[in-house]
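# one predicted model, sequence on top.
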Amino acid sequence: MKIIVELDTDKLTDIVLIQIVRQIEDEQDLKKFVHYQNFNVRAEIAMNPHTSQEDLDELSKDKNFLVRWFVASNKKTPESALLRLATDEDFLIRERVAERRSIPDSVIRVLSKDTYDKVQNFAIKEAKRRCLK
């Protein structure tokens with residue numbers, strides 16, 4: 001189902017807009033909300049499996065913790081965004097990156113030097129499993 005987004009978002013409540021964004025499957029329609037003022041809408045974009053890698057990369061720079069956390073959780077998040085999130089100021093974001101099932105080697109290397117023991121230990125364990133240096 002394709003939802004064409006040609007809405008006057010000023011006339012919609014954020015709750016209604018969040019419900020609409022959850023249903024969007026078109027990358028171009030999702031792109032229209034990447035910089036929306038309400039962080040809950042941006043978080044919905046970050047967790048949407050149809051969000052483009054370009055938009056996920058942009059959302060990885062978001063000031064809101066929840067948005068970045070969902071970017072770290074999205075299977076489509078590109079390596080560039082994961083590298084950025086691997087050095088996030090919030091250890092919970094770094095931890096979420098470390099908990100992913102699939103992490104590029106470059107991200108494992110960054111996380112293995114983390115100041116938070118749980119993140120560092122996970123990354124070192126994964127690096128040993130992969131025989132990384």
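Received, thanks.

# residue contacts, residue 34?
42, 45, 55, 58-59 (C-beta atoms under 8 Å, 6 or more residues apart in numbering). Where C-beta positions appear, they are placed from N, C-alpha and C, glycine not excepted.

# please, which helix or strand holds the residue most central in space within the chain?
Nearest to the geometric centre of the chain sits residue 71, at 0.6 Å (C-alpha atoms, centre = their mean). In this assignment (DSSP states H and E), residue 71 forms part of helix 65-73.

# the closest residue to residue 126 other than its chain neighbours: neighbouring residues, count only.
Nearest residue to residue 126, sequence neighbours excluded (C-beta to C-beta, 6 or more residues apart in numbering): residue 108, at 5.4 Å. Here the number of neighbours of residue 108 (other C-beta atoms under 10 Å) works out to 21.

# tell me the secondary structure of residue 108, please.
Classification of residue 108 by DSSP: H, G, I helix; E, B strand; the rest coil places it in helix.

# is it true that it touches residue 128?
No. With contacts defined as C-beta atoms under 8 Å, residue 108 does not count as touching residue 128, sitting 10.1 Å away.

# so where do the helices sit in the chain?
14-23, 27-31, 39-47, 53-59, 65-73, 79-85, 91-98, 105-111, 117-130 (DSSP state H).
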